[in-house]
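Chemist: Got a predicted model here, sequence first, then my questions.
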Amino acid sequence: MVSCHVERPLDDRVWAAFSSLQRRRPGGLAIAALMRPPDPEAGERDEERWLARAREAAARGPLGHHTHFTSPTHARPTAGDPAERVRREAEWLEERKLRPTLFCGGGWYTDRSVALACAELGYADCTPRASRPGYLPDGAAWAELDAPAQIDVAGRTLAAVPTTHGAGALARAVLLPGLPARVHAYFHDTDLVARPRRALIVGALRILGLRGAATDLDALTAAVRADGRVVAWADVARGEAADPRA
């Protein structure tokens with residue numbers, strides 16, 4: 001499975017690079033577009049162009065909601081209520097008849113309230129990671145999950161498909177024996193405007209498509225919801241995310 005954090009959909013050059021790759025489906029893999037809604041306070045006011053591009057992406061693969069909690073250039077929260085931001089953005093999308101099925105918190109941030117918001121919205125959460133992102137400081141909030149599962153969050157059930165490989169890690173993994181049974185690779189739309197980085201991503205996805213059966217995040221989410229495996233939020237949350245007050 002593959003997803004892209006589409007963080008600059010109003011940038012024509014970045015969008016063209018992502019749109020082309022999503023159409024091509026390297027390795028036969030449908031690329032889910034996890035799109036960050038426009039931030040008017042940061043000057044992103046071209047709503048109609050954003051919506052047109054989101055609808056294009058949704059016609060080619062699963063559509064997701066990606067949140068930067070502080071600003072377009074600062075993914076993790078620095079103030080305010082992160083869950084309220086998720087709900088506010090989700091309401092904006094719903095009012096415009098966009099219904100994303102997936103979610104991923106910027107900078108891999110999540111906490112109990114964000115996870116509960118995602119459960120209430122019916123999202124499948126891609127924020128959990130199979131391994132700790134190396135750049136996070138000690139005590140930072142994130143969620144760890146080794147395989148797709150449903151997470152019990154305050155009595156609500158949240159389907160989760162962990163993200164397993166960034167672009168560099170995927171390029172290394174596909175060349176070695178012992179590739180995990182489930183791979184959910186991700187990259188950023190901005191990765192695609194640099195030719196060497198784009199070539200690395202395309203090459204890795206082509207090899208990945210040869211090494212296993214392709215699926216997409218919506219299909220796996222349906223299987224997760226039918227499977228019945230449930231884990232507790234306390235067993236997933238790490239750092240500040242484990243604080244019951246969060």
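Modeler: That came through, no problem.

Chemist: what about V231, distance to P148?
Modeler: As judged by Cβ to Cβ, to the nearest Å, V231 and P148 stand 10 Å apart. All C-beta atoms are positioned from the backbone trio N, CA, C, and that covers glycine.

Chemist: Also A119?
Modeler: Computed with Cβ to Cβ, the distance linking A119 and P148 is 15 Å.

Chemist: re the thing from before, neighbour count winner among V231 and P148?
Modeler: Neighbours were tallied for V231 and for P148 using other Cβ atoms under 10 Å; the higher tally belongs to P148 (22 against 16).

Chemist: got the contact list for the more buried one?
Modeler: Counting by Cβ atoms under 8 Å, 6 or more residues apart in numbering, P148 makes contact with A159, A160, V161, P162, R182, L220, T221, A223, V224, D227.

Chemist: Now do the SS call for the first one.
Modeler: With DSSP: H, G, I helix; E, B strand; the rest coil as the basis, the three-state label of A159 is strand.

Chemist: Which neighbouring elements make contact with the helix or strand harbouring R23?
Modeler: R23 belongs to helix 12-24 when elements are defined using DSSP states H and E. Secondary structure elements in contact with helix 12-24, counted by 3 or more Cβ pairs under 8 Å, 6 or more residues apart in numbering; DSSP states H and E, are strand 2-6, strand 31-35, helix 47-60, helix 195-211.

Chemist: Nearest to V174, out of those?
Modeler: Using Cβ to Cβ as the criterion, the shortest distance between V174 and the helices and strands packed on helix 12-24 is 4.2 Å, found for helix 195-211.

Chemist: Give the residue farthest from the middle of the protein.
Modeler: Ranking residues of the chain by C-alpha distance from their mean position (Cα atoms, centre = their mean) puts P177 at the top, at 26.4 Å.

Chemist: Need the pLDDT of the residue nearest the centre of the chain.
Modeler: Note on the chain: the residue nearest the mean C-alpha position is C104, at 3.7 Å, using Cα atoms, centre = their mean. C104 is assigned a predicted lDDT (pLDDT) of 98.

Chemist: Please name the residues that touch the closest residue to it other than its chain neighbours.
Modeler: Once its chain neighbours are removed from consideration, C104 has its nearest residue in C126; the separation is 4.4 Å (Cβ to Cβ, 6 or more residues apart in numbering). If you count contacts by Cβ under 8 Å, 6+ apart, C126 has them with 3, 34, 64, 102-104, 160-163, 184, 186, 217.

Chemist: what about the strands in this protein?
Modeler: Secondary structure of the chain by DSSP state E: the strands cover 2-6, 31-35, 63-67, 102-105, 124-125, 142-143, 149-153, 156-160, 185-188, 230-232, 237-238.

Chemist: Could I get the ones you listed in CSV, plus columns for distance to V202?
Modeler: Written out in CSV, the entries for the strands of the chain read as follows (distance: least, Cβ to Cβ, whole Å):
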stretch, distance to V202
strand 2-6, 11
strand 31-35, 11
strand 63-67, 21
strand 102-105, 22
strand 124-125, 26
strand 142-143, 28
strand 149-153, 31
strand 156-160, 28
strand 185-188, 10
strand 230-232, 34
strand 237-238, 32
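
Chemist: R23 versus D216, what's the distance?
Modeler: On the measure of Cβ to Cβ, D216 and R23 end up 15 Å apart.

Chemist: A33 against E7, yeah?
Modeler: No - under the criterion of Cβ atoms under 8 Å, A33 is not in contact with E7, lying 10.8 Å apart.

Chemist: Run through the chain and note the low-pLDDT ranges.
Modeler: Low-confidence segments of the chain, defined by pLDDT under 70, span residues 243-246.

Chemist: at 50 what do you get?
Modeler: Screening the chain residue by residue with the criterion pLDDT under 50, one finds the ranges 245-246.
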